[in-house]
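Participant: got a predicted structure here, sequence first:
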Amino acid sequence: DDVRQQQPKHIVHHLTLTFQKNMSAAACENSAVTRSAYEEHDGGDDDDSCTSSNEPTREEDWGLPQDFSLFAEHEFEEVFYSSINDRENSIRSFKIQCIVPNSPLDIMNKSKSEKQYDATGHCVWAGAFLLIHCIDRLKPQVPLAKKRVIEFGCGTGIGGLALMLADELSAPSVMYFTDNDPAALRVCERNCSVNNLSEESYAVKELSWGCDISVLGEPLRNGFFDVALATDVLYDVDLIDPLFTSVGSCVREDGIFILSHIPRACYNDNNPPEAIQDLEKYIIDQAANYGLDLITTISPPREEELQENILKWCARTAFSAGSIIIFRRNLNSLG
């Protein structure tokens, strides 16, 4: 408790010293505030010149954790959704444990932490809210009752939980939540537990995209799942290939892949220009190379259709350019 009460002071000093340690002399000349803060902590310095890059710079060890828990805490939040089978279209909710998306301190910690801790999977992103907002239009097109579903890049598990909880009469028989971040999977496990999913109705497994389904450590064969789900995961164009490889490995013939997509991917020099010009079209074209044929797309609701409760954490324009893209695995893709 004492450490937590003094946390702001420790953070300022820790970040100031880390900034100073990694600053070049040229950058330091334009950083009077940071330099003076460092000098004040270090006892002052009459010489106005910056520390040269080859001089050792002292960085104190405050004994603080080197992961995101120093900067952000998981909290339980309420997620609202429309009940599909409710004639009155009432708003229901479930709980999600998560953190606020990348604060500046989380980003700094991600770049400096010895563990290279990534808080991405512990946040809830706009693609999940797009899925929740469109779930009443999605389920009639993709029957889920008694189906085996796998979610890729599940993070907190909000996408899979929405499919499991929004419609009790047509819920999947089993949901596999997968992610390559063990810490995020522990959060997902807690979210499944707090929402009272039965133990036999779900599994939480570590999975890196591009790997065969056998790495899940279960007696699962290729094509085991009827439906695959991913929400807001293609934030880097280079992720398209491994994602589609895993989807093709996991989904049965004639199975379905639901991608709730927000077009905000990062690009690099190796990416083709068509990915930059029209990312959604590029994703659809690439999917065909993996035996995934486009069935349809679901556009976000119009502004007058947006439900304020569902938008509790999400700006009204956050997913306005997104869409839910639905693919079917064609028979010719089977190897």
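Facilitator: Happy to help now that I have it. Numbering: from 1, shown residues only.
Participant: for the rest of this, base every contact and every neighbour count on C-alpha atoms.
Facilitator: Fine.
Participant: after the host helix or strand of residue 281 comes which helix or strand?
Facilitator: Using DSSP states H and E, residue 281 sits within helix 279-288. Past helix 279-288, further along toward the C-terminus, the next helix or strand under DSSP H and E is strand 292-298.
Participant: export whichever helix or strand comes after that next one as CSV, just CAs?
Facilitator: Using DSSP H and E, the helix or strand that follows strand 292-298 towards the C-terminus is strand 323-329. C-alpha atoms of strand 323-329 as CSV (Å, rounded to 0.1, in the frame of the first residue of the first chain):
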residue,chain,number,x,y,z
SER,A,323,-17.3,-4.0,-41.1
ILE,A,324,-17.9,-7.6,-40.2
ILE,A,325,-16.6,-9.8,-43.0
ILE,A,326,-18.0,-13.3,-43.2
PHE,A,327,-16.1,-16.0,-45.2
ARG,A,328,-16.8,-19.6,-46.0
ARG,A,329,-14.0,-22.2,-46.4
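Participant: coming back round to it: what residues sit buried inside the helix holding residue 281?
Facilitator: 279, 280, 282, 283, 284, 286, 287, 288 (16 or more other C-alpha atoms under 10 Å).
Participant: surely the fourth one and residue 238 touch.
Facilitator: Looking back up the chat, that one is residue 283. No. Under the criterion of C-alpha atoms under 8 Å, residue 283 makes no contact with residue 238, lying 11.1 Å away.
Participant: which helices and strands sit right next to the lengthiest strand in the chain?
Facilitator: In the chain, taking DSSP state E as the definition, the longest strand is strand 251-261. Secondary-structure packing of strand 251-261 (3 or more C-alpha pairs under 8 Å, 6 or more residues apart in numbering; DSSP states H and E): helix 126-138, strand 225-231, strand 323-329.
Participant: what pLDDT does the model give residue 273?
Facilitator: Predicted confidence (pLDDT) for residue 273: 85.
Participant: mind listing the helices in the protein by residue range?
Facilitator: 2-5, 7-22, 25-29, 32-41, 104-112, 126-138, 158-165, 182-194, 240-250, 273-277, 279-288 (DSSP state H).
Participant: now the first one: average pLDDT?
Facilitator: Averaged over helix 2-5, pLDDT sits at 38.
Participant: these two touch, right, residue 225 and residue 251?
Facilitator: Yes. The pair residue 225 and residue 251 passes the contact test of C-alpha under 8 Å, sitting 4.8 Å apart.
Participant: let me know the closest of the buried residues of helix 279-288 to residue 155.
Facilitator: residue 283 (21.7 Å; C-alpha to C-alpha).
Participant: can you list the low-confidence ranges for the stretch 1-150 of the chain?
Facilitator: 1-73, 82-90, 100-119 (pLDDT under 70).
Participant: coming back round to it: just put the buried residues of helix 279-288 in CSV and tack on distance to residue 138.
Facilitator: Formatted as CSV, those follow (distance: C-alpha to C-alpha, whole Å):
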residue, distance to residue 138
279, 22
280, 18
282, 22
283, 20
284, 18
286, 23
287, 20
288, 21
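Participant: now do the contacts for residue 163.
Facilitator: Residue 163 makes contacts with 135, 171, 172, as judged by C-alpha atoms under 8 Å, 6 or more residues apart in numbering.
Participant: does the last one touch residue 151 like I think?
Facilitator: Translated: residue 172. No. Contact between residue 172 and residue 151 fails when scored by C-alpha under 8 Å: they sit 12.0 Å apart.
Participant: what sits closest to residue 298 if chain neighbours are left out?
Facilitator: Computed as C-alpha to C-alpha, 6 or more residues apart in numbering, the closest residue to residue 298 that is not its neighbour in sequence is residue 324, at 4.9 Å.
Participant: that neighbour: what's it in contact with?
Facilitator: Contacts of residue 324 by C-alpha under 8 Å, 6+ apart are 130, 131, 258, 259, 260, 261, 297, 298, 299.
Participant: circling back: okay, the angle between the helix holding residue 281 and strand 292-298?
Facilitator: Relative orientation of helix 279-288 and strand 292-298, computed by axes from the mean of the first three to the mean of the last three C-alpha atoms, to 10 degrees: 150 degrees.
Participant: helix 279-288 - what's its average pLDDT?
Facilitator: Here the average pLDDT along helix 279-288 is 93.
Participant: can you start the count at 11 instead of 1 from here on
Facilitator: In the new count, where the first residue is 11, that last one comes out as helix 289-298.
Participant: check which helices and strands it is in contact with.
Facilitator: helix 250-260, helix 283-287, strand 302-308.
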